[in-house]
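**Student:** Any chance you could fold what I've pasted below:
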Amino acid sequence: MKLIMVVILVLGICLIGYSSDNKIEKYVTGFDYIARKEMKMSSKALIMLLKTEKAQLIDIRFSEEYLTWKVSPSINIPLNELPKRLSEIDQDKIVVTACPHKDRAIIAMVYLRSKGINAKYLTDGLLGLAENLRGDSAREFINGLKKSSN
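**Tutor:** Residues are numbered from 1 along each chain as shown. As a prediction, this is how the structure comes out:
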């Protein structure tokens, strides 16, 4: 956990130089327990938001990883392509970044927040999401998605 926080802080420091309006600086200096809780999303909460089309899942793994296995509905925007593909993000929804665990998802979340996007990271990662979408849960989830798109 300490390593993740160091990565976030280093990224934040690097982004300060690139952010003309210093949103990342405001985010870091205003960071408190509420902000800590607000930046996270569990897979169970994400599943509910995806069913009601209130969230967009951004899988930030490399293309090859995404092609090997993916969770629907998600779009693949690899972390290193995120700056040039911001137009693909639906800013009217809660944006949830994900990777197998959470390291890259946290970096993506901080970057998106520096751009003024309401982003969270998936706390249990794609592996946790896959665990919560097995058997009957998977069927109910897909059926829920079909109903909301009609």
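
**Student:** Check the gap between the residue sitting nearest the centre point of the chain and Lys51 for me.
**Tutor:** Centroid-nearest residue in the chain: Thr97, 1.3 Å away (criterion: Cα atoms, centre = their mean). As for Thr97, its distance to Lys51 is 19 Å (criterion: Cβ to Cβ, to the nearest Å). No exception for glycine: its C-beta is placed from N, CA and C like everyone else's.

**Student:** rewinding a little: can you list the helices and strands that the strand or helix carrying the residue nearest to the centre of the chain packs against?
**Tutor:** Using DSSP states H and E, the element containing Thr97 is strand 94-98. If contacts are counted by 3 or more Cβ pairs under 8 Å, 6 or more residues apart in numbering; DSSP states H and E, strand 94-98 sits against helix 43-51, strand 55-59, helix 103-114, strand 119-122, helix 125-132.

**Student:** deepest of these, which one?
**Tutor:** Mean neighbour count, computed with mean count of other Cβ atoms under 10 Å, is highest for strand 119-122 among those, reaching a mean of 26.

**Student:** Give me the contact list for it.
**Tutor:** With contact meaning Cβ atoms under 8 Å, 6 or more residues apart in numbering, strand 119-122 is reached by 38-43, 46, 57, 94-98, 102, 105-106, 108-109, 112-113, 128-129.

**Student:** Return the distance of that strand from the chain's centre.
**Tutor:** 4 Å (Cα atoms, centre = their mean, to the nearest Å).

**Student:** Show the average pLDDT along it.
**Tutor:** Across strand 119-122, the average pLDDT comes to 97.

**Student:** Tell me the strands beside it, with direction?
**Tutor:** If you go by DSSP bridges, strand 119-122 pairs up with strand 40-41 (parallel), strand 94-98 (parallel).

**Student:** and of those strands, who's closest to Lys70?
**Tutor:** Counting by Cβ to Cβ, Lys70 lies closest to strand 94-98 out of these; the figure is 10.3 Å.

**Student:** the inter-axis angle of that closest one versus helix 103-114?
**Tutor:** Strand 94-98 runs at 150 degrees relative to helix 103-114, counting by axes from the mean of the first three to the mean of the last three Cα atoms, to 10 degrees.
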